[in-house]
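Q: The following comprises the amino acid sequence and a computationally predicted model.
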Amino acid sequence: MVDIFSKKEGPRREDVVAKRIIGENKETIHRLADQISNGGFSKSRAAMAQAKETPKPDGLSIHILGDTSKAVEPKPVFKISLNDRVLIMDANSGKQLMFLGEMRRKDKQKYFALATKENGFFAPLDDETQDCLRDLDGVIIETRDIEDKFSDVMKVRLGL
């Protein structure tokens, strides 16, 4: 003979009855638990409820991380960077204001390439700046003295 037990949907009848009895006698069960534990049961339940609450701020906490930024007029400076980029930067913030071109090398000779579409730059200079610096495109820079003179000429032409 074979007995087949199939699982029934929902809770068992015994569980429903036990849950109802516990719910009806909850106050008595809590009072007895407190009596046996000298009040530890209620204290532990209060601590658990307090731990579940979100913390409430006691007051406002304001942190100022540095001075307020004031509108400072940029101080443009001409620079040839370590990676041979020729640009105008802001001396106050260190941000690049205008990219003029770069120093390139061909056959062991260093020369200046103006930022134009013809030289392969994606963001060429505006027409006014290009006209001002066009004759410096392709100037060969052989020594440090020539580079210093090149920088001086660029500063004069750009009004720096």
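A: All right, it came through fine.
Q: rest of the way, CA atoms for contacts and neighbours
A: OK.
Q: quick one, longest helix in this protein?
A: For the chain, the helix with the greatest residue count under DSSP state H is helix 144-158.
Q: Would you mind pulling up the elements that that helix packs against?
A: Helices and strands touching helix 144-158, by 3 or more C-alpha pairs under 8 Å, 6 or more residues apart in numbering; DSSP states H and E, are strand 76-80, helix 127-133.
Q: partners of the first one in the sheet?
A: Looking at strand 76-80 with DSSP bridges, its partner strands are strand 85-90 (antiparallel).
Q: CA-only coordinates of the partner strand in PDB, if you can.
A: These are the backbone C-alpha positions of strand 85-90, laid out as PDB (Å, rounded to 0.1, in the frame of the first residue of the first chain):
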ATOM      1  CA  ARG A  85      52.100  72.300 -27.000                       C
ATOM      2  CA  VAL A  86      52.100  76.000 -27.700                       C
ATOM      3  CA  LEU A  87      49.200  77.700 -25.900                       C
ATOM      4  CA  ILE A  88      48.000  80.700 -23.900                       C
ATOM      5  CA  MET A  89      47.000  79.800 -20.400                       C
ATOM      6  CA  ASP A  90      45.500  81.600 -17.400                       C
END
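Q: Single out the most deeply packed of the helices and strands packed on helix 144-158.
A: Ranked by mean neighbour count under mean count of other C-alpha atoms under 10 Å, these are led by strand 76-80, which reaches a mean of 18.
Q: circling back: now the helices and strands packed on helix 144-158 in JSON lines, with mean pLDDT and distance to L158?
A: Converted to JSON lines, the helices and strands packed on helix 144-158 look like this (pLDDT from 0 to 100; distance: least, C-alpha to C-alpha, whole Å):
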{"stretch": "strand 76-80", "mean pLDDT": "90", "distance to L158": "9"}
{"stretch": "helix 127-133", "mean pLDDT": "87", "distance to L158": "8"}
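Q: D3 is nearest to which of those?
A: Shortest separation from D3 across those is recorded for strand 76-80, at 92.1 Å, computed as C-alpha to C-alpha.
Q: Could you dump the helices and strands packed on helix 144-158 into JSON lines and include distance to Q109?
A: JSON lines is the format used below for these (distance: least, C-alpha to C-alpha, whole Å):
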{"stretch": "strand 76-80", "distance to Q109": "17"}
{"stretch": "helix 127-133", "distance to Q109": "20"}
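Q: distance between stretch 92-102 and the chain's centre?
A: 23 Å (C-alpha atoms, centre = their mean, to the nearest Å).
Q: Export it to PDB, keeping only CA atoms.
A: Output in PDB follows, covering the C-alpha atoms of stretch 92-102 (Å, rounded to 0.1, in the frame of the first residue of the first chain):
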ATOM      1  CA  ASN A  92      45.600  82.400 -12.000                       C
ATOM      2  CA  SER A  93      43.900  79.100 -12.600                       C
ATOM      3  CA  GLY A  94      46.300  77.200 -14.900                       C
ATOM      4  CA  LYS A  95      43.600  76.500 -17.400                       C
ATOM      5  CA  GLN A  96      44.200  76.600 -21.200                       C
ATOM      6  CA  LEU A  97      42.700  79.700 -22.800                       C
ATOM      7  CA  MET A  98      43.800  79.200 -26.400                       C
ATOM      8  CA  PHE A  99      45.700  76.400 -28.200                       C
ATOM      9  CA  LEU A 100      48.000  77.900 -30.800                       C
ATOM     10  CA  GLY A 101      49.800  74.900 -32.200                       C
ATOM     11  CA  GLU A 102      52.600  72.500 -31.400                       C
END
